[in-house]
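Chemist: Fold the stuff below for me.
(2 chains)
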Amino acid sequence: MAEPTSISFLPSRAGDVALRWLLFAVLALFALFYLMPLFVMITTSLKSLDEIRTGSLIALPERVTFEAWSTAWSSACSGIQCEGLRPYFWNSVALTVPAVALSTLLGAVNGYVIAQWRFRGANLIFSLMLFGCFIPFQVVLLPMARTLGFMGVAGTIPGLVLVHVIYGIGFTTLFFRNYYVTIPVELVKAAKVDGAGFFRIFWSIFMPLSLPILMVTVIWQFTQIWNDFLFGVSFSQAGTQPVTVALNNIVNSTTGVKEYNVNMAAAIIAAFPTLFVYAVAGKYFIRGLTAGSVKG
Amino acid sequence: MEAMLEVRDLDKNYGATEILKDVNVSAEPGGFLVLVGPSGCGKSTLLNCIAGLESISSGSIHIDGRDMTHVSPKDRNIAMVFQSYALYPTMSVAGNITFGMKVRGVDAATRASKLQDVARQLQIEQLLDRRPSQLSGGQRQRVAMGRALVRDPQLFLFDEPLSNLDAKLRVEMRLEIKKLHHDLGATMVYVTHDQIEAMTLATKIVVLKDGVVQQTGSPAEIYRRPANLFVADFMGSPAMNLIPARASREGSGTRIQIERADGAPVELIDTGNGDLPEDVILGLRPEDIAEAGFRSGHHVHEVKCLIDMVEPAGADTFVVSRLGGKQVTARLHSDTMARPGSTLDLVFDLDRVSYFAPDTGERLN
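Modeler: Residues are numbered from 1 along each chain as shown, chains lettered A, B, ... in the order given. Coordinates of the predicted model:
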């Protein structure tokens, strides 16, 4: 193969190749290091308790068994109840889906208004929303508990949805505002002259433009809300706890022998949806982070 | 004839900042009104006010005799073409052109036939399925015009529609807009900072500066008889020569003296204009200064000038001299014998002269 002249300034082809392989090796090493815990979790979850006791931590399972997975899903005990993660997993779904949808939609409308329908005080409102992103959640626990109680939704899933929507709006608004601010304001003007109103312009012109930032926001919000523990443990009661809280309870309430295999399986189950979302929409995430300007 | 557009006593403030001050503008049916001025003069804001995209602080806007001051843009029966084209990025060309009709609930058959008419008129039939991102600048411009045309409005508004195009395409599109205006017989209001665009397109020009109307008139009026120093300087390329001079009474006319660094002052006798103050600024277009022997008339005065620079520009050659401490440009024939550093006999055509007051800048004659 002929050497392309454009890289002829490199010392030599052999040196170039060696350097490249070294780079790959280092990267592979880091990747292995990073994946190690996942490897241990998966192998451990596939072993029996006997094997875990006698074998090495990083050994592959001698006999693969899915018993721990079914226990974790449907019969692991947290406290006095032994129904596994399943009901809590569905709690998390019932809580995350509407919370992500609502906070994303509200963020999109907010961003659209702040970026494209400038009004007096728009910058102030945006700054305050931005400020909201940085409030430590611990600070708001008590007032929020009072508010939920006052509204009669304390300890319910709708209550948790409300909490997550409120604390998600800051970030979702930021995302959409920064995306929409790159779109020329003449687009709105043209649509107004064409006779379209506020929501028509939003749905027909801005929403179709928003796929990349929509993906970023959905992934971000999904990860945040699914993985949340603090609000989940604070504002839920028996029966409405999200999967993160249930996982904690299962891991902490084992008596006698620690069932590592069940704990590992439960942890993977609890983490699976966020992994799934990344796998499906990850490419949009990268694209959305770099995208922005729309050439008219 | 009743005006199609009438803007009366319009003020526009942002907080304490006055953007437009007491603006009065009107356009006759079928007229081509150009709002021209340097950037930041408020011309685009005025157009946005006419469109209803900006509210006004006081005054009124009438379109076809109806008070539109507080009517929303969609009900003003206008169409607008924007500088950035403002095409909807996710819609096809056809979608862009028909969006307005779709919003208004026009049925699909009418939409399709109107779309075909406009596409044929603008020769964009082969582009209808494309996205704006797949079009060139000139094609986007056409689509933007198509979106306006399809509305068949009473008033077309253009906001610097050609400023994103390259020089050649700009001249082509300028011609096309003029032809469109002629064919449709529609009333158009056009904003530009380009005085050549203003001159070539307009039936009426409004020159704006700092939110104040400086002059309103036909292109010829604006060019021949600028109302003040700003208009004189802004309209025309190369700009009008504005030469400080002293005036004194001479019979029924005026003796004009212009200082020069390298010799005796230039003296001109203007028999056509009396009653001038002592200090004036004399304004002459470059084409009103000619080489001796190429211009005749009552008020032609010959002056020997030292030539500083010669700029051949193809059809014309510009020569630059220095009078009254200012560079003075004359537009001569391309085959002139003028050479830098030599002297040349130039004639000043005082039939076309303008005088301005140095302090206020207002026209005196």
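
Chemist: May I have the beta-bridge partners of B:L306?
Modeler: Note on B:L306: beta-bridge partners B:T343, judged by DSSP bridges.

Chemist: which ones are touching it?
Modeler: The neighbourhood of B:L306, defined by C-beta atoms under 8 Å, 6 or more residues apart in numbering or on different chains, consists of B:262, B:321-322, B:341-343. Placement of C-beta: from N, CA and C, glycine included.

Chemist: next one: B:V81
Modeler: B:V81 sits next to B:144-145, B:147-148, B:156-159, B:161 when contact means C-beta under 8 Å, 6+ apart.

Chemist: Any chance of CSV for the residues you listed, columns distance to B:A112, secondary structure and pLDDT?
Modeler: Shown next, in CSV, are those (distance: C-beta to C-beta, whole Å; DSSP: H, G, I helix; E, B strand; the rest coil; pLDDT from 0 to 100):
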residue, distance to B:A112, secondary structure, pLDDT
B:A144, 20, helix, 94
B:M145, 19, helix, 93
B:R147, 16, helix, 94
B:A148, 19, helix, 94
B:F156, 23, strand, 96
B:L157, 26, strand, 96
B:F158, 27, strand, 96
B:D159, 29, strand, 94
B:P161, 26, coil, 92
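
Chemist: and those, which are buried?
Modeler: Buried members of these, counted by 16 or more other C-beta atoms under 10 Å in any protein chain shown: B:144-145, B:147-148, B:156-159, B:161.

Chemist: ok, which of those also contact chain A?
Modeler: For chain A, the contacts drawn from the buried ones among the contacts of B:V81 by C-beta under 8 Å from any C-beta of the partner chain are B:R147.

Chemist: of all the buried ones among the contacts of B:V81, which two lie farthest apart?
Modeler: Across those, no pair lies farther apart than B:R147 and B:D159, at 13.5 Å, counting by C-beta to C-beta.

Chemist: Show me the two of the contacts of B:L306 that sit farthest apart.
Modeler: Farthest apart among those by C-beta to C-beta are B:R322 and B:S342. That separation is 14.1 Å.

Chemist: quick one: A:P212 and A:L130, what's the gap?
Modeler: A:P212 sits 21 Å away from A:L130, going by C-beta to C-beta, to the nearest Å.

Chemist: between the two, which one's more packed in?
Modeler: Legend: neighbour count by other C-beta atoms under 10 Å in any protein chain shown for A:P212 and A:L130, higher for A:P212 (18 against 14).

Chemist: Is the more buried one in contact with A:Y284, as I believe?
Modeler: Yes. Between A:P212 and A:Y284 a contact is recorded at 5.8 Å, counting by C-beta atoms under 8 Å.

Chemist: re earlier: would you turn the contacts of B:V81 into CSV with distance to A:P208?
Modeler: Listed next are those as CSV, based on distance: C-beta to C-beta, whole Å:
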residue, distance to A:P208
B:A144, 19
B:M145, 23
B:R147, 17
B:A148, 22
B:F156, 28
B:L157, 26
B:F158, 27
B:D159, 25
B:P161, 25
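
Chemist: what about the spatially closest residue to A:G155 that is not a sequence neighbour, neighbour count?
Modeler: Nearest residue to A:G155, sequence neighbours excluded (C-beta to C-beta, 6 or more residues apart in numbering or on different chains): A:Q237, at 3.7 Å. Counted with other C-beta under 10 Å, the neighbours of A:Q237 add up to 10.

Chemist: and what of B:N228?
Modeler: The local packing of B:N228 (other C-beta under 10 Å) involves 19 other residues.

Chemist: one step back: could you write me a ChimeraX select line covering just the buried ones among the contacts of B:L306?
Modeler: Under the burial definition 16+ other C-beta under 10 Å, those of the contacts of B:L306 that qualify are selected in ChimeraX by:
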select /B:321,322
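
Chemist: List just the nearest of the contacts of B:L306 to B:K204.
Modeler: Using C-beta to C-beta, B:S321 is the member of the contacts of B:L306 that lies nearest B:K204, at 35.2 Å.

Chemist: from memory that closest one sits against B:K304, does it?
Modeler: No. Contact criterion C-beta under 8 Å: B:S321 and B:K304 do not qualify, at 9.9 Å.

Chemist: overlap in contacts of those two?
Modeler: B:L346.

Chemist: can you tell me which helix or strand residue 142 belongs to?
Modeler: Assuming you mean chain A. Following DSSP states H and E, one finds A:L142 within helix A:137-151.

Chemist: Not quite, go with chain B.
Modeler: Using DSSP H and E, B:R142 sits in helix B:137-149.

Chemist: Quick one: distance of that helix to the chain centre.
Modeler: Put simply, helix B:137-149 sits 22 Å off its chain's centre (C-alpha atoms, centre = their mean, to the nearest Å).

Chemist: which sections of the stretch 51-200 of chain B are below the confidence cut-off?
Modeler: Nowhere does the stretch 51-200 of chain B drop to pLDDT under 70.

Chemist: Chain A contacts on that one?
Modeler: Counting by C-beta under 8 Å from any C-beta, the stretch 51-200 of chain B sits next to chain A at B:51, B:53, B:72-74, B:78-80, B:82-91, B:99-100, B:103-104, B:132-133, B:140, B:147.

Chemist: Go through the residues you listed and flag which are in helices.
Modeler: Members of those lying in helices (criterion: DSSP state H): B:51, B:99-100, B:103, B:140, B:147.

Chemist: Excluding chain neighbours, what is closest to the residue of the stretch 251-365 of chain B at minimum distance from chain A?
Modeler: Closest contact between the stretch 251-365 of chain B and chain A, by C-beta to the nearest C-beta, is at B:G361 (34.7 Å). Leaving aside its sequence neighbours, B:G361 sits nearest to B:L229 (C-beta to C-beta, 6+ apart; 3.8 Å).

Chemist: then stretch B:218-232 to PDB, C-alphas only?
Modeler: In PDB, the C-alpha atoms belonging to stretch B:218-232 read as follows (Å, rounded to 0.1, in the frame of the first residue of the first chain):
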ATOM      1  CA  SER B 218     -38.900  60.400  -5.500                       C
ATOM      2  CA  PRO B 219     -35.500  58.900  -6.200                       C
ATOM      3  CA  ALA B 220     -34.700  61.800  -8.500                       C
ATOM      4  CA  GLU B 221     -35.700  64.400  -5.900                       C
ATOM      5  CA  ILE B 222     -33.700  62.700  -3.200                       C
ATOM      6  CA  TYR B 223     -30.700  62.500  -5.500                       C
ATOM      7  CA  ARG B 224     -31.000  66.000  -7.000                       C
ATOM      8  CA  ARG B 225     -32.200  68.000  -4.100                       C
ATOM      9  CA  PRO B 226     -31.100  66.300  -0.900                       C
ATOM     10  CA  ALA B 227     -32.800  68.000   2.100                       C
ATOM     11  CA  ASN B 228     -29.700  68.100   4.300                       C
ATOM     12  CA  LEU B 229     -26.100  67.100   4.500                       C
ATOM     13  CA  PHE B 230     -26.900  63.600   5.800                       C
ATOM     14  CA  VAL B 231     -29.000  62.700   2.800                       C
ATOM     15  CA  ALA B 232     -26.600  64.400   0.400                       C
END
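
Chemist: Could you give me the buried positions within it?
Modeler: Neighbour-count burial for stretch B:218-232, counted by 16+ other C-beta under 10 Å, picks out B:219, B:222-223, B:225-232.

Chemist: For the stretch 151-296 of chain A, which segments count as helices?
Modeler: For the stretch 151-296 of chain A, the helices defined by DSSP state H, counting those that start in this stretch occupy A:157-180, A:186-193, A:198-201, A:211-227, A:230-234, A:243-252, A:260-290.

Chemist: longest helix of the chain?
Modeler: I went with chain A, as the question did not name one. Every helix in chain A considered (DSSP H), the longest is helix A:13-45.

Chemist: was after chain B, sorry
Modeler: Secondary structure of chain B per DSSP H: the longest helix is helix B:167-184.

Chemist: Pull the residues that contact that one.
Modeler: Here helix B:167-184 makes contact (C-beta under 8 Å, 6+ apart) with B:32, B:137-138, B:141, B:145, B:149, B:158, B:161-163, B:165, B:188, B:190, B:197, B:200-201.

Chemist: of all those residues, which comes closest to A:R53?
Modeler: For those, the closest approach to A:R53 (C-beta to C-beta) belongs to B:G137, at 73.5 Å.
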